[in-house]
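**Q** prediction below, plus the sequence it came from.
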Amino acid sequence: MPTTTEQLSTRHLLGIKDLTEHDIQLILDTAANFKDVLNRPIKKVPSLRDITIANVFFENSTRTRLSFELAEKRLSADIVNFAASSSSVSKGETLIDTVNNILAMKVDMIVMRHPYAGAGVFLSKHVDAQIVNAGDGAHEHPTQALLDSFSIREKYGDVAGRKVAIIGDILHSRVALSNILCLQKQGAEVMVCGPTTLIPKYITSLGVKVEHDLMKALNWCDVANMLRIQLERQDIAYFPSLREYSMLYGLNKEILDSLDKEITIMHPGPINRGVEITSDVADSQHSIILDQVENGVAVRMAVLYLLAGKRG
């Protein structure tokens, strides 16, 4: 169990942009300790025994919500689960009213996913509880970026100097922005790859390379992070069909085997098998997708544990 006296520079985890490189390394180092805990016969530690955490999800989520919930239980926190679809939000209640009602029940920390960018920042200015952003619209998803960095560090020993290609629907992805910021702060090189219509116009201002040819991107990178096409966020047609997208940007075993070197395949999930990635790639030895899922619990334990040290 971690015994660090070091602290994060922030009270909340609203986005990677608010973290220093020291914060990121502290979270990853703490996560490594918690991963050791998770591999013991008794996986529970009493670190957050007196803390109550509300999981407030205004959007559907399976993996992220389960991962946070498991992390909280492993730390012995008390948990309140809240799903917007079955709440007063569907009756017109505002975000602040909803959260204030939860806070009236003496909650210390709120893990929130929301469809609108900046919802966590807005909330942090209006309530006393600490906020952990579990994804806000197409803006940021900080814990996903942290677990991705942890997985790369575990595979290669260090993130610095690695070449990471983020491939797919960059425009609608909160994972892409958080990953770009997180990787760059640790000294990695980042490239984005996808159809012109799915690459934001401002992206070069972040200091990333832009590529529209999948083979060039794969030959450049050490790690390929394959993003899914987010049809639920697309209000117009950004490409002719999923079949055409898959032909140009889908990764299959044939392409992987044709490369001059071995690369590592990542995916934040859920996977659309046969679209951005085929089953034989997702389940191959090149893939660390299930490692990402496992590491997610340790990283979220680290975030909650370190934030709890900043209470008050």
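**A** Arrived safely.

**Q** just checking, Lys44 is part of a strand?
**A** No: going by DSSP: H, G, I helix; E, B strand; the rest coil, the assignment for Lys44 is coil, not a strand.

**Q** give the contact list for it.
**A** By Cβ atoms under 8 Å, 6 or more residues apart in numbering, Lys44 lies in contact with 73-76. C-beta: built from backbone N, CA, C; applies to glycine.

**Q** quick one: low-confidence ranges for this protein?
**A** The model of the chain has pLDDT under 70 over residues 1-5, 85-93, 230-238, 240, 312.

**Q** what about the strands in it?
**A** 52-57, 78-83, 109-114, 130-136, 163-167, 189-193, 209-211, 223-226, 264-266 (DSSP state E).

**Q** could those strands go into TSV alongside mean neighbour count and distance to Val299?
**A** Compiled in TSV, these are given as follows (neighbours: other Cβ atoms under 10 Å; distance: least, Cβ to Cβ, whole Å):
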stretch	mean neighbour count	distance to Val299
strand 52-57	22	16
strand 78-83	16	18
strand 109-114	24	13
strand 130-136	25	12
strand 163-167	24	17
strand 189-193	23	19
strand 209-211	17	27
strand 223-226	26	16
strand 264-266	21	14
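
**Q** which one of those lies nearest to Gly296?
**A** strand 130-136 (11.1 Å; Cβ to Cβ).

**Q** domain ranges for the protein?
**A** 12-140+293-309, 142-288 (the TED database).

**Q** between those, which gets nearest to Glu6?
**A** Closest of the domains of the chain to Glu6 is domain 12-140+293-309, at 5.5 Å (criterion: Cβ to Cβ).

**Q** ranges for the helices of the stretch 151-300 of the chain?
**A** 174-185, 214-220, 242-249, 253-258, 279-282, 289-308 (DSSP state H, counting those that start in this stretch).

**Q** single out the most deeply packed of the ones you listed.
**A** Using mean count of other Cβ atoms under 10 Å, the stretch among these with the greatest mean number of neighbours is helix 174-185 (a mean of 25).

**Q** relative orientation of it and strand 130-136 in degrees?
**A** 120 degrees (axes from the mean of the first three to the mean of the last three Cα atoms, to 10 degrees).
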